[in-house]
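Student: below are the sequence and a predicted model for it; my questions follow.
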Amino acid sequence: MFVVPDVSRDRQTDAPANSPLAAYTTLRLGGEPGTLTVAVETDQAVTTVRNASAEGRPVLVLAGGSNVVIGDAGFPGEVLLLRTRGIEVVSTRADDVVVRVAAGEVWDDFVEYAVTNGWSGVEFLSGIPGSAGATPIQNVGAYGSEVADTIVAVHAYDRERDAVRAMTPAECAFAYRASVFKHSDRYLVLHVDFRLAVSTESAPIRYAELARSLGAEAGDRVSLRQARDTVRKLREQKGMVLAPDDHDTWSVGSFFTNPVVSGERWAALGLDHAPHWPGEDGSVKIPAAWLIEHAGFPKGFAGAGVSISTKHTLALTNRGEGTTTALLDLARTIRGGVLEKFGIELHPEPVLINCEL
Ligand SMILES: Cc1cc2nc3c(=O)[nH]c(=O)nc-3n(C[C@H](O)[C@H](O)[C@H](O)COP(=O)(O)OP(=O)(O)OC[C@H]3O[C@@H](n4cnc5c(N)ncnc54)[C@H](O)[C@@H]3O)c2cc1C
């Protein structure tokens, strides 16, 4: 059953061939592409990648542009702008459905659609920018939830085998903000299958801040709509929902991942007073935002046309006149300061294209 092939919104088929890539990134940064192809059909996306491979040209797959930092010199190859659409229910049981989502679908539109249909499992991931097809790339997560909780298959074009195949979650090797897809150009994700519970109630709440905002306890369930609205509100307060006029949202979300250290390392650091999340294997995750603030970089800390968001310490933002060079200079300053103060190295969460930290 085909449910909502939503083609009503702007599909950006009129993208000018050599417009700077800044036009397609949430940072509004990035120079010119070699060539740019907009794909609205899955076959067209595969053909574009296959042809570029045959000609030995590098390929950059770009969807929502919300997790990439592209160099000021742009990308000297084929940029594939993915705008495929379609949401399809591929199996239904009494308690759950499997929903296949085209890679170019806007992620938050899919979340809204799931909530409207009474499908539970992705509601805590409301408000995250970008496409459905990019969610497996870094195993997108927020508020105690991640897409690995619901993904049952990723349908991808494998450039090495020149074939489309369905990959199991084990093959995807999902981990914290990581998967087999991240930092690899082997796969083009075409569709993602999510198994969602048929329920008007959310998954159990696992995140303390969210539970507090909902007036609930960890483990409680609330209505899907309440979960979605509350998450979006919390995110908006932190500049974590895109708003074109708000420079605090001209970012890639969190610029650094939260460092994870071994139990011994944690004990040696003497940071018991700092917020932290113990892992099941004895490791400890430390909020990068806390480290950054306590290394002397407050919200609003500025570089040349760029700054830490005034709403969230982990977001590095373009204030309108920024460049990728300036953004990475700021990131280096912060990373160096945290290393000097705590001996902990921060790692970037976005994918760096034709530039380095
Ligand atoms: C304000 C803001 C808040 C954010 N909050 C969160 C958050 O809470 N949690 C979180 O995890 N992330 C968050 N992000 C990061 C980002 O939104 C996600 O990582 C998102 O999934 C990226 O989707 P995209 O379509 O924009 O990917 P892009 O930026 O276009 O691409 C990102 C990477 O994935 C690759 N890629 C994209 N699509 C495909 C495909 N179909 N096949 C193969 N490779 C592909 C690209 O080549 C690139 O390497 C946030 C970003 C912003 C700007």
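Tutor: Received the coordinates, thanks.

Student: what's around residue 336, how many residues?
Tutor: A total of 13 residues lie near residue 336 under the criterion other CB atoms under 10 Å. All C-beta atoms are positioned from the backbone trio N, CA, C, and that covers glycine.

Student: wouldn't residue 134 be in contact with residue 68 here?
Tutor: No - proximity of residue 134 to residue 68 does not meet the contact threshold set by CB atoms under 8 Å, at 9.5 Å.

Student: please verify my assumption that residue 202 contacts residue 219.
Tutor: No - with contact defined as CB under 8 Å, residue 202 does not count as touching residue 219 (11.4 Å).

Student: between the two, which one's more packed in?
Tutor: residue 202 (28 against 9).

Student: get me the contact residues on the stretch 151-300 of the chain for the ligand.
Tutor: 181, 187-189, 240, 242, 249, 251-253 (CB under 6 Å from any ligand atom).

Student: mind running it again at 5 Å?
Tutor: 188-189, 240, 253 (CB under 5 Å from any ligand atom).

Student: tabulate the residues you listed (JSON lines), appending secondary structure and neighbour count.
Tutor: Listed next are these as JSON lines, based on DSSP: H, G, I helix; E, B strand; the rest coil; neighbours: other CB atoms under 10 Å:
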{"residue": "188", "secondary structure": "strand", "neighbour count": "25"}
{"residue": "189", "secondary structure": "strand", "neighbour count": "26"}
{"residue": "240", "secondary structure": "coil", "neighbour count": "24"}
{"residue": "253", "secondary structure": "coil", "neighbour count": "25"}
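
Student: just flag the most distant two among those.
Tutor: 188 and 240 (27.5 Å; CB to CB).

Student: so, low pLDDT: which residues of this structure?
Tutor: 1-19 (pLDDT under 70).

Student: would you map the helices across it?
Tutor: 42-54, 107-117, 169-172, 208-214, 224-237, 263-269, 288-294, 324-342 (DSSP state H).

Student: nearest to the ligand, of the residues of the stretch 151-300 of the chain next to the ligand?
Tutor: Closest approach between those and the ligand, by CB to the nearest ligand atom: residue 253, at 2.5 Å.

Student: quick one, phi/psi of the residue lying closest to residue 204 once chain neighbours are set aside?
Tutor: Spatial nearest neighbour of residue 204, excluding adjacent residues (CB to CB, 6 or more residues apart in numbering): residue 219 at 5.0 Å. Backbone torsions of residue 219, given as degrees, to the nearest 10, read phi 100, psi -20.

Student: and residue 219, what does it touch?
Tutor: 204-206 (CB atoms under 8 Å, 6 or more residues apart in numbering).

Student: name the member of those with the most neighbours.
Tutor: residue 205 (24 neighbours).

Student: from the ligand, how far off is that one?
Tutor: 16 Å (CB to the nearest ligand atom, to the nearest Å).

Student: from residue 230, how far out is that residue?
Tutor: 10 Å (CB to CB, to the nearest Å).

Student: kindly report the same for residue 298.
Tutor: Relative to residue 230, and taking CB to CB, residue 298 is found at 27 Å.

Student: quick one: which of these two has more around it?
Tutor: Each of residue 298 and residue 230 has its neighbours counted (other CB under 10 Å); residue 230 has more, 22 against 10.

Student: how many neighbours does residue 74 have?
Tutor: So residue 74, with other CB under 10 Å, has 21 neighbours.

Student: what sits against the residue lying closest to it once chain neighbours are set aside?
Tutor: In space, and not counting its chain neighbours, residue 74 is closest to residue 31: 3.1 Å by CB to CB, 6+ apart. Contacts for residue 31 (CB under 8 Å, 6+ apart) come out as 20-22, 70-75.

Student: same question, residue 122
Tutor: 110-111, 114, 145, 147, 150, 194, 196.

Student: of the residues you listed, closest to residue 325?
Tutor: Among those, and counting by CB to CB, the member closest to residue 325 is residue 147, at 32.4 Å.

Student: appreciated, that's everything.
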